[in-house]
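*Asks:* the sequence and its predicted three-dimensional model are supplied below.
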Amino acid sequence: MTLIRDIACAALLALAIGAAGAVSAMPRRPVAPLRVTANHGPAKVYLDSLDLGLTPLEIPQADTMTHRLRIEAPGFRAWTEPVKFDPRAARTIDAALQRREGILVIATDPAGAALTINGIAAGRAPLTLERQPVGTYELAAELPGHHPVTASIVVDGERICHWTPVLGRKLGRIAFGGWPPQAEISWRRRVIGTVPMVWDSLKHGRYAFEFSRPGFEPAMVQATVTSDSLLTVAADLRPTSAWKALGRSLLIPGSGQHYRGSPRKGLLFKGLWFVTAATIAAVFNDRETRYARYRESVDRYRSASDSFDQRYQDVLHAYDVARNANRRTNNVLAVAATIYTVNLADAVLFAPNRDQFQPRRGPQHGR
């Protein structure tokens, strides 16, 4: 009995060993992969906080558990989704990443500057750009007569991004020259200096300058400031002309003095002539009145029938009064002629700086 039992156990053991070998010899079933892609790649893939690398990639589904899959890419919102593994079924997950967007607000001082974004014209400030993709933008603002401004602005989806540059004005410089030296330079009827000089910090634009000096004809010079470089403005003044001065004083006493650069003399002669003219009018009127009375007394004398002696004395008195009025009129006219003649002589002969400066070149107005 013991022998039979040992044989049976040996047979069972052999069968067990054979079965175990057969099981170990059977091929294992392959694990199905999970393929992960993204619509904007490459994107970072995390599985339960484990960094697996960049899409596209394959994850072996070694278990049947539920895992958390997270996909991230710069400028896009993170994509997150729970995924249950199935070792028997291969599949693909294509993550649809949504781009992150922000708002960019641009306002320049002064307004109206031309804007470029990443080298592309975008309009004029002020400007509000909505739904702008997250990222870094190269901005530039330009306005005529102002210095351009550039900046790099990062737009994110968390807040409104503002860019408010101040464009400084371009300031020019003008060097004034010409002849004679020390000629006054006026702008908007205000003296700003004398030749030679340099005027700094000028806004861009068009200017009109007047060069003047007693004894010389004034000259107007136009200048346009368009850059920061030094602009040269010059004028050679012509000496005043005696004939022009004479012609002006012939028309209006004192005008020749104004023309030749002696405004005080001009005002003096104009004032004297005004007073003289008023006096002439007064004495002529008085003379006419006196002579009218004299003629009336003569008429009364001729038509009188009595008191001839008294009438005759009235005639003599009226005649003396009229003759005195005529004498005064002649004296005033003589004074007026003297003032007028002196005015003409002064305008012709006495010119300020007439001999002090001589033009170094031919007469030529502003260059």
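*Replies:* Cool, the structure landed.
*Asks:* all contacts plus neighbour counts: C-alpha atoms, from now on.
*Replies:* OK.
*Asks:* list the contacts for residue 68?
*Replies:* When contacts are counted by CA atoms under 8 Å, 6 or more residues apart in numbering, residue 68 touches 47, 48, 80, 81, 82, 83.
*Asks:* beta partners for the fourth one?
*Replies:* For residue 81, the beta-bridge assignment (DSSP bridges) gives partners residue 69.
*Asks:* pretty sure it contacts residue 48?
*Replies:* No: using CA atoms under 8 Å, residue 81 is not in contact with residue 48; the gap is 10.7 Å.
*Asks:* so residue 159 touches residue 104, yeah?
*Replies:* No: using CA under 8 Å, residue 159 is not in contact with residue 104, being 9.3 Å away.
*Asks:* rewinding a little: which of residue 81 and residue 48 has more neighbours?
*Replies:* residue 48 (13 against 10; other CA atoms under 10 Å).
*Asks:* for the closest residue to that one other than its chain neighbours, give its distance to residue 206.
*Replies:* Leaving aside its sequence neighbours, residue 48 sits nearest to residue 68 (CA to CA, 6 or more residues apart in numbering; 5.1 Å). Here residue 68 is placed at a distance of 71 Å from residue 206 (CA to CA, to the nearest Å).
*Asks:* chain neighbours aside, what residue packs nearest to residue 311?
*Replies:* residue 301 (5.2 Å).
*Asks:* what is the neighbour count of residue 214?
*Replies:* 21.
*Asks:* kindly report the same for the one 10 residues further on.
*Replies:* As a burial measure, the neighbour count of residue 224 was computed by other CA under 10 Å and equals 13.
*Asks:* of residue 159 and residue 104, which one has the most company?
*Replies:* residue 104 (21 against 11).
*Asks:* quick check, that one in contact with residue 164.
*Replies:* No: using CA under 8 Å, residue 104 is not in contact with residue 164, being 10.8 Å away.
*Asks:* walk me through the domains of the protein.
*Replies:* 33-95, 101-163, 171-236, 242-349 (automatic domain parsing).
*Asks:* can you redo those domains as a markdown table with mean pLDDT?
*Replies:* A markdown table is the format used below for those (pLDDT from 0 to 100):
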| stretch | mean pLDDT |
| --- | --- |
| domain 33-95 | 86 |
| domain 101-163 | 87 |
| domain 171-236 | 90 |
| domain 242-349 | 88 |
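*Asks:* tell me which residues touch residue 265, please.
*Replies:* Residue 265 sits next to 254, 257, 258 when contact means CA under 8 Å, 6+ apart.
*Asks:* tell me which of those is nearest to residue 231?
*Replies:* residue 258 (31.9 Å; CA to CA).
*Asks:* looks to me like the closest one is in a helix.
*Replies:* Yes: the assignment for residue 258 is a helix, going by DSSP: H, G, I helix; E, B strand; the rest coil.
*Asks:* that one - how many residues pack around it?
*Replies:* Per other CA under 10 Å, the neighbour tally for residue 258 reads 20.
*Asks:* name the SS class of the closest residue to it other than its chain neighbours, please.
*Replies:* Spatial nearest neighbour of residue 258, excluding adjacent residues (CA to CA, 6+ apart): residue 266 at 5.2 Å. Three-state assignment for residue 266 (three-state DSSP): helix.
*Asks:* just the one 3 residues further on next, same as before
*Replies:* Secondary structure state of residue 269, per three-state DSSP, is helix.
*Asks:* before we move on, what about the one 5 residues further on?
*Replies:* Three states are possible here, and by three-state DSSP the one that applies to residue 274 is helix.
*Asks:* show the contacting residues for the residue nearest the centre of the chain.
*Replies:* Geometric centre of the chain, nearest residue: residue 145, 4.8 Å, by CA atoms, centre = their mean. Going by CA under 8 Å, 6+ apart, residue 145 touches 169, 170, 203, 204, 226, 227.
*Asks:* just residue 119 next, same as before
*Replies:* Residue 119 sits next to 138, 139 when contact means CA under 8 Å, 6+ apart.
*Asks:* next up, phi/psi of it, please.
*Replies:* Phi and psi for residue 119, reported as degrees, to the nearest 10, are phi 80, psi 0.
*Asks:* ditto for residue 297
*Replies:* phi -70, psi -40.
*Asks:* kindly list the main-chain dihedrals of the residue nearest to residue 78 when sequence neighbours are not counted?
*Replies:* Residue nearest to residue 78 in three dimensions, not counting chain neighbours: residue 72, with 4.8 Å by CA to CA, 6+ apart. Main-chain torsions, residue 72, degrees, to the nearest 10: phi -130, psi 150.
*Asks:* you'd agree residue 72 is up against residue 42?
*Replies:* No: with contact defined as CA under 8 Å, residue 72 does not reach residue 42; the gap is 9.2 Å.
*Asks:* more crowded one of these two?
*Replies:* Here residue 72 and residue 42 are compared on neighbour count by other CA under 10 Å; more neighbours surround residue 72, at 22 against 16.
*Asks:* quick one, helices of the stretch 151-300 of the chain?
*Replies:* Counting by DSSP state H, counting those that start in this stretch, the stretch 151-300 of the chain has helices at residues 242-251, 255-259, 263-303.
*Asks:* make JSON lines out of those helices and add distance to residue 87.
*Replies:* Shown next, in JSON lines, are these (distance: least, CA to CA, whole Å):
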{"stretch": "helix 242-251", "distance to residue 87": "114"}
{"stretch": "helix 255-259", "distance to residue 87": "110"}
{"stretch": "helix 263-303", "distance to residue 87": "111"}
